[in-house]
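Colleague: got a sequence here, can you build the structure:
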Amino acid sequence: MADSRLPSHFPTEGMVKKSFGLTTPSSGTATPFLRISPHELEIGTYHSGPILNITFDGISTSLSECLPRNTKSGYAALCTLHELCPLDEREIILEQIHDIRNDIELHSFCHKVIQNVSVLIDRDKCSIFLVKGEKDSKISMLLLTCGPILNRTSDDIPTSVSLSFCNSNCGCSSRFTRNTLQESQAIDEQELIFELVQDIRDDLDVRSLCHKVLQKVSILIDADRCSLFLVKGEKSNPSRCLVSQLLDVSRCSTVEQMQQKEEICILWGNGIVGHVAEYRKSLNIPDCYKDDRFNSQVGSRTGYKTHNMLCMPILDADGEVKAIAQIMNKRRGKEPFTDADEKVCSRYLKFCGISLRNAELHLLSELENKRNQVFMDLARVVFEEKLTLGQIVHRIMIHIQLLLQNERCQILILDENTKTFSRVFDLDINDMKVENLESRCALEVRFPINVGITGYVATTGETLNIPDVLQDDRFDPSVDEDSNFRHHSILCMPITNASKNIIGVSQIINKLNGTPFTKDDENIFEICTIFCGLGIQHNQMYERSMKAIAKTKVVLEVLSYHATAPLEEVHELLREYIPPTEIYKLHDLKFDYFSLNDKEMLKACVRMFMDLDLNQRFTIEYDVSKMGHVLGKLETLSLLIACLCHDLDHRGTNNSFQKKSNSPLAQLYSTSTMEHHHFDQCVMLLSSEGNQILSHLSSEEYMNVVHVLEDAILATDLDAYYKRQCTFTQNARKRNYNWNREDNRQLLRAMLMTACDISAITKPWEIQKKVAELIANEFFEQGDVEKQLKFQPIDMMNRDKKEKLPLMQVKFIDSMCLPLYEAFAMISDKLTPMLDGVKENRAQWLKLAKEKESYSSEN
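Modeller: As a prediction, the model looks like this:
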């Protein structure tokens, strides 16, 4: 119900007569006008004041600003009483339809509407108020007027008229639907116009509304069939065409029948329809079979013979073709269509133009709403914590698939250091059906990456929209040869961070409907790419911060232990006598480190460094293996430090356990977790005050030592060893090594580190067995912890499988130790005793394994 205060301000009929003495209509200059303050208009909060308030002659009142005349928007081409009065009601309505099609600005259009109303009902002044507020607000019916809208009765007595507007849920509708052909034929043209106007207001379905328009056109000009073709494709697209939206509409046809008909596609410029679309001019053809542009094959497909045809373009406000209407055959004989028929069609096809425009706006509105929802979800994904880079990128690619409807989407992450693509994410349209998609390996690539196009975009930063990749020299056709996938069109765009630096490339391949990517696709894809760049950058910052936190935790753990020896212990060691190498038997491959206590072990280490400082070759390598000529002094020093530091701050667990338990170390180092930690601890000790034993080296020498040191410690990761084992064995068998090549020297250093790391397998049986038992106990302790964490340990770490230790040792020797020491024996026969020690220990372990197997069989 309207605000109770507003009607109280309306003047009554008697007040109007008494105050203004109105008995005859005026020009509008003396029209009574009731002034309402803004405060009073805001009481009900249901409107924002009149958007228009004009007099009969188009003069604006004080409630609205004066509108300019003859603006580009099309405002009031007829804006005076003398210009409007000669028109009849039908002409005014058709002119109004023309304005709707041309997208007149809202104020101008409403101005013209109420001007026309004032002419038709001979009124002085009209006002329009816009509703403000939600649908469910307490204002359900609004009485609108501003001053009296004078209505002449038969007695010429002015009366006050109130306009009533009901919202949609009140249930009142004056719509009258004509369901039969006889009803439609019985009405005149003006009634048809009103019905079409109501259809435009109520029906957003293009097919349904255009079907009604074409049916009414066929009634008015007595045509037999009508068809409507919609434009498909961008203006610059060479494959632009016209697709049948409605085919062979008759007076008795239904929309459902139209949906069942086969779609016809006509190339731009082909046939009569294509010609009209290309030149945007109507054609009235009296005999189609005498016209070279007529395609008789269409008639043979549809079973309908066309004698004469009227073909007209439907244009938008910018003069661009939106559709083509085709009217065929007069129902009475073979008479051609007349000029009058053309005028009727021209007038009524504007309704189709309005329908197309309304449907387009409605579709754009829904699409924009969907896009906004997707972009909001993307923003949430981008800034959500605890998501990995793979999860973020996969979710963004899923949104890209939903928005752009393409067959495949790829995102390639650029490595800033190497300027290569370090990670590749690939999403196929069929992957959308896969459950738990985000758990799939992020690096999985099922067909070769088009390096030419992606590389060009990554280098230049340009966007590439390629409608046909086979016509582009940057595309490599071989990528399609080894797969079932075929590239047709590609949209490729760089991914940048906040600093506008390129951090990756995103590309989408092949639209599902087979058309090239449009400018709208580029705009949407650009927004998604921006979100992708933000997501990657945010994830990288988040991972860096998490690594920093994990590193801090590790540092605190290390600092809680004695990272540096007390000065008292250092001074005590300095006062001690350091025996020569021969006393500790450091030159012997059967050296027993269990024979030395902690203090003697320190002295032995000092002795080795002392020998190096005296510019002597490292005794073991020179006297035993004759490798002093291969490895220089700095490399020898690096390897010695690596051997001493390769297990610094060992936690008694392996890399697999660190990952399973998600320890801070695993967050800090993704591969070779413990080995990276050992190297970092080594560098920290060498950099600590009092431990800077490399300070006398030059900057270049220091960098070389650290580089060799890092490679050597990381080489103790057994996974890294297995990757190099085959290459090293092949080189050893060739016996023609080139030690001047850095890759061969690096491989040799790595294998030497592994040979030293597992050298206990070459020692006498008593030492080997003792070391094996110590390591086995360490493994069993890790297995116990894994069981507490609900993990199933492998047999080597399962205390319940300790009786299998001898057999597991045999397998370890066969798979790892024998190939390594056999290769070294081929390189230097001086190392053959190490191979012999391995074989002897294997025999001992095999003997124990058989004894345990025999014992198990007996019991």
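Colleague: just to be sure, residue 457 is in a strand?
Modeller: No: read with DSSP: H, G, I helix; E, B strand; the rest coil, residue 457 is helix and lies in no strand.
Colleague: right, and it touches residue 505 too?
Modeller: Yes: Residue 457 lies in contact with residue 505 (Cβ atoms under 8 Å); the separation is 5.1 Å. Where you see a C-beta, it was placed from the backbone N, CA and C, and this is true even at glycine.
Colleague: so what's in contact with the two at the same time?
Modeller: Between them, residue 457 and residue 505 share these contacting residues under Cβ atoms under 8 Å, 6 or more residues apart in numbering: 492-494.
Colleague: distance to residue 587, secondary structure and neighbour count for those - can I get that in TSV?
Modeller: Converted to TSV, the shared contacts of residue 457 and residue 505 look like this (distance: Cβ to Cβ, whole Å; DSSP: H, G, I helix; E, B strand; the rest coil; neighbours: other Cβ atoms under 10 Å):
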residue	distance to residue 587	secondary structure	neighbour count
492	64	strand	25
493	65	strand	23
494	61	strand	23
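Colleague: and those residues, which is closest to residue 480?
Modeller: Relative to residue 480, the closest of the shared contacts of residue 457 and residue 505 is residue 492; by Cβ to Cβ it sits at 16.6 Å.
Colleague: check which helices and strands the helix or strand containing residue 351 sits against.
Modeller: Assigned by DSSP states H and E, residue 351 belongs to helix 339-382. With contacts taken as 3 or more Cβ pairs under 8 Å, 6 or more residues apart in numbering; DSSP states H and E, helix 339-382 sits against helix 89-101, helix 189-202, helix 206-221, strand 223-232, strand 309-315, strand 321-330, helix 389-404, helix 519-559.
Colleague: quick one: distance of that helix to the chain centre.
Modeller: Centroid separation for helix 339-382 versus its chain: 26 Å, with Cα atoms, centre = their mean, to the nearest Å.
Colleague: go on, stretch 682-689?
Modeller: Distance, centroid of stretch 682-689 to centroid of chain: 45 Å (Cα atoms, centre = their mean).
Colleague: ok, stretch 496-505 next?
Modeller: Taking Cα atoms, centre = their mean, one finds the center of stretch 496-505 at 15 Å from the center of the full chain.
Colleague: C-alpha coordinates for that stretch, CSV please?
Modeller: Output in CSV follows, covering the C-alpha atoms of stretch 496-505 (Å, rounded to 0.1, in the frame of the first residue of the first chain):
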residue,chain,number,x,y,z
THR,A,496,52.9,-11.8,-15.4
ASN,A,497,53.4,-10.9,-11.7
ALA,A,498,52.7,-7.6,-9.9
SER,A,499,56.1,-6.3,-11.3
LYS,A,500,55.0,-7.1,-14.9
ASN,A,501,57.7,-9.7,-15.2
ILE,A,502,56.7,-12.8,-17.2
ILE,A,503,56.5,-15.8,-14.9
GLY,A,504,54.8,-18.3,-17.2
VAL,A,505,52.6,-18.8,-20.2
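Colleague: what are the contacting residues of it?
Modeller: By Cβ under 8 Å, 6+ apart, stretch 496-505 touches 411-414, 416, 421, 454, 457-458, 461, 492-495, 532-534, 536-537.
Colleague: hmm, 6 Å instead?
Modeller: Contact with stretch 496-505 is made by 412-414, 454, 457-458, 461, 494-495, 533, 536-537, as judged by Cβ atoms under 6 Å, 6 or more residues apart in numbering.
Colleague: select only the buried ones of the residues you listed in PyMOL?
Modeller: To isolate the buried members of the contacts of stretch 496-505 in PyMOL, using 16 or more other Cβ atoms under 10 Å:
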select buried, resi 412+413+414+454+457+458+494+495+533+536+537
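Colleague: make CSV out of the contacts of stretch 496-505 and add distance to residue 376 and pLDDT.
Modeller: As requested, the contacts of stretch 496-505 are exported to CSV (distance: Cβ to Cβ, whole Å; pLDDT from 0 to 100):
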residue, distance to residue 376, pLDDT
412, 26, 88
413, 25, 86
414, 28, 83
454, 29, 86
457, 28, 89
458, 29, 86
461, 28, 88
494, 24, 92
495, 20, 92
533, 18, 88
536, 19, 85
537, 19, 85
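Colleague: and of the contacts of stretch 496-505, the nearest to residue 379?
Modeller: Residue 379 lies nearest to residue 533 out of these, by Cβ to Cβ, at 12.9 Å.
Colleague: work out for me the element the residue nearest to residue 814 when sequence neighbours are not counted sits within.
Modeller: Residue nearest to residue 814 in three dimensions, not counting chain neighbours: residue 842, with 7.6 Å by Cβ to Cβ, 6 or more residues apart in numbering. Using DSSP H and E, residue 842 maps to helix 832-858.
Colleague: and that helix, what does it pack onto?
Modeller: Identification of packing neighbours for helix 832-858 by 3 or more Cβ pairs under 6 Å, 6 or more residues apart in numbering; DSSP states H and E yields helix 805-812, helix 818-827.
Colleague: pick the one among the shared contacts of residue 457 and residue 505 closest to residue 377.
Modeller: Distances from residue 377 to the shared contacts of residue 457 and residue 505, taken by Cβ to Cβ, are shortest for residue 493, at 20.4 Å.
Colleague: who does that closest one bridge with?
Modeller: Counting by DSSP bridges, residue 493 forms beta bridges with residue 506.
Colleague: pretty sure it sits against residue 527.
Modeller: No: taking Cβ atoms under 6 Å as the definition, residue 493 is not a contact partner of residue 527, at 10.6 Å.
Colleague: what ranges in the stretch 451-600 of the chain fall below the confidence cut-off?
Modeller: Low-confidence segments of the stretch 451-600 of the chain (pLDDT under 70): 451, 482, 556-564.
Colleague: which strand or helix spans the closest residue in space to residue 413 that isn't next to it in sequence?
Modeller: Once flanking residues are discounted, residue 413 sits nearest to residue 423: 4.1 Å by Cβ to Cβ, 6+ apart. Residue 423 is located in strand 420-428, with elements delineated by DSSP H and E.
Colleague: now residue 453
Modeller: Under the criterion of DSSP H and E, residue 453 resides in helix 451-460.
Colleague: mind listing what's buried along that helix?
Modeller: So, applying 16+ other Cβ under 10 Å, buried residues of helix 451-460: 453-458.
Colleague: residues contacting it, please?
Modeller: 412, 414, 464, 474, 476, 492, 494, 502, 505.
Colleague: stretch 327-345 now?
Modeller: For stretch 327-345, using Cβ under 6 Å, 6+ apart, the contacting residues are 217, 220-226, 284, 286, 306-310, 312.
Colleague: do the same with stretch 810-822
Modeller: Stretch 810-822 is contacted from outside by 725, 729, 755, 761, 834-835, 838, 842, 845-846, 849, using Cβ under 6 Å, 6+ apart.
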